[in-house]
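Colleague: Here is my input; please provide its structure:
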Amino acid sequence: MVEGHQGSLICGKCLTVAYAEIVNQAKPSAPEGYTCIMCLEERPDPGWRSPLHDEAMICARCIRQAAGALVKDKDSGWKKPGA
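Modeller: The predicted structure follows:
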């Protein structure tokens with residue numbers, strides 16, 4: 001898990017899907033003008049919307065930051081998904 005502002009969280013499984021869809025495939029699912037749940041900013045860049053929690057959207061910047069944090073945590077075992 002990676003924590004954002006106000007207790008927002010993204011788990012490794014969701015981060016894997018978000019990273020694959022946004023970073024690798026450039027397939028955004030968040031609507032235009034969405035607010036990222038992790039940084040609380042309204043973002044113009046592509047974002048990912050959770051298929052389980054309609055209100056949970058994360059921007060590409062936060063996806064990359066969360067991925068960087070989990071990759072550095074050797075106990076997590078998380079790896080960035082390949083293209």
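
Colleague: can you pull out the helices in this protein?
Modeller: Per DSSP state H, the chain carries helices over the ranges 12-19, 60-72.

Colleague: okay, these in JSON lines with distance to residue 54 and mean neighbour count next?
Modeller: For the C-beta atoms, the positions are set from N, CA and C on the backbone; glycine is no exception. Shown next, in JSON lines, are the helices of the chain (distance: least, C-beta to C-beta, whole Å; neighbours: other C-beta atoms under 10 Å):
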{"stretch": "helix 12-19", "distance to residue 54": "14", "mean neighbour count": "18"}
{"stretch": "helix 60-72", "distance to residue 54": "18", "mean neighbour count": "18"}
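
Colleague: what's the closest of these to residue 3?
Modeller: Of all the helices of the chain, helix 60-72 sits nearest to residue 3, with 9.2 Å by C-beta to C-beta.

Colleague: Quick check: which helices or strands does the closest one pack against?
Modeller: Packing contacts for helix 60-72, counted by 3 or more C-beta pairs under 8 Å, 6 or more residues apart in numbering; DSSP states H and E, involve strand 2-3, helix 12-19.

Colleague: chain center to the last one: distance?
Modeller: Right, helix 12-19. 7 Å (C-alpha atoms, centre = their mean, to the nearest Å).

Colleague: Just the C-alpha atoms of it, please, in PDB.
Modeller: Output of helix 12-19 as PDB, limited to C-alpha atoms (Å, rounded to 0.1, in the frame of the first residue of the first chain):
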ATOM      1  CA  GLY A  12      -0.100  -2.900  -5.100                       C
ATOM      2  CA  LYS A  13      -2.600  -4.800  -7.300                       C
ATOM      3  CA  CYS A  14      -4.400  -1.600  -8.200                       C
ATOM      4  CA  LEU A  15      -1.100   0.200  -8.800                       C
ATOM      5  CA  THR A  16       0.000  -2.600 -11.200                       C
ATOM      6  CA  VAL A  17      -3.200  -2.100 -13.200                       C
ATOM      7  CA  ALA A  18      -3.000   1.700 -13.100                       C
ATOM      8  CA  TYR A  19       0.700   1.700 -14.100                       C
END
